[in-house]
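Visitor: Sequence and predicted structure below; questions after.
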Amino acid sequence: MGTPCHFALFDLKPDFRIDLEQLAARYRELARSVHPDRFADASEREQRLALEHAAQLNDAYQTLKSPPRRALYLLALKGQQLPLEATVQDPHFLLQQMQWREELEELQESADLAGVAAFKRRLKVAQGELDSDFAECWDDPERREEAERLMRRMQFLDKLTHEVRQLEERLDD
């Protein structure tokens, strides 16, 4: 990796558990220092470098503030690159995914806003459990497979949560 570690950019040690408020504050501070306005009178090269740095900073921030992306990044730092679309040998979770999808379809058909809110709360609890399970095992080489499985579950829940938010917005209109 030619670019500095995302964690190093924010003076954090690589860990899954990070203080998101501290991350956001540090991001704002750093973003101000590379803001294009500050380089209006600078040379073209300095302007380009500031722009690259700002983009890099933003990418690092987006990665670290999202638990699934942070998990994927940590696993990539720890070892070999992960296959993006691995067929997950996770039959229990595949069943759970199907149940969630069916439930979401029913909520959509019945336009049940209260049901959607309750569903969203359950997803948040499931995400919290995944986050703490991942935080326990990501750093242990013996538990690499488990960490990868948890990270994929996190990615799925993140996507599902996004779909639930979209449904909520459609039902709210």
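Guide: Received, thanks.
Visitor: Show me how far stretch 151-167 is from its chain's centre.
Guide: 10 Å (CA atoms, centre = their mean, to the nearest Å).
Visitor: do stretch 144-162 as well
Guide: 10 Å.
Visitor: Need the residues that contact it.
Guide: Defining contact as CB atoms under 8 Å, 6 or more residues apart in numbering, one finds that stretch 144-162 is touched by 66-68, 71-72, 75, 78-79, 82, 86, 88, 90, 93, 97, 100-101, 104, 120, 123-124, 126-127, 130-131, 133-134, 137-138, 140. In short, each C-beta sits where N, CA and C put it, glycine included.
Visitor: element containing the nearest residue to Arg38 once chain neighbours are set aside, please.
Guide: What sits nearest to Arg38 in space, not counting adjacent residues and going by CB to CB, 6 or more residues apart in numbering, is Ala50, at 7.3 Å. Taking DSSP states H and E as the definition, Ala50 sits inside helix 44-65.
Visitor: mind listing what's buried in the very next helix or strand once past that helix?
Guide: Downstream of helix 44-65, the next assigned helix or strand under DSSP H and E is helix 67-78. By neighbour count on 16 or more other CB atoms under 10 Å, the buried set for helix 67-78 is Pro67, Pro68, Arg69, Arg70, Ala71, Leu72, Tyr73, Leu74, Leu75.
Visitor: and Thr59, how far is that from Arg149?
Guide: I think there's a mix-up here, since residue 59 is Asp and not Thr. Separation of Asp59 from Arg149 (CB to CB, to the nearest Å): 26 Å.
Visitor: Which residue, other than its chain neighbours, is closest to Asp11?
Guide: Leaving out its chain neighbours, the residue that sits closest to Asp11 by CB to CB, 6+ apart is Arg26, at 6.9 Å.
Visitor: That neighbour: how many residues sit nearby?
Guide: The number of residues packed near Arg26 is 17, by other CB atoms under 10 Å.
Visitor: Same question for Gln127.
Guide: Neighbours around Gln127, by other CB under 10 Å: 18.
Visitor: element containing the nearest residue to it once chain neighbours are set aside?
Guide: Spatial nearest neighbour of Gln127, excluding adjacent residues (CB to CB, 6+ apart): Leu157 at 5.2 Å. For Leu157, the host element (DSSP H and E) is helix 144-172.
Visitor: per-residue pLDDT, the most far-flung residue of the chain relative to its centre?
Guide: Note on the chain: the largest C-alpha distance from the chain mean falls to Asp41, namely 36.4 Å (CA atoms, centre = their mean). You'll see Asp41 listed with a pLDDT of 88.
Visitor: That's all I had, so thanks and see you.
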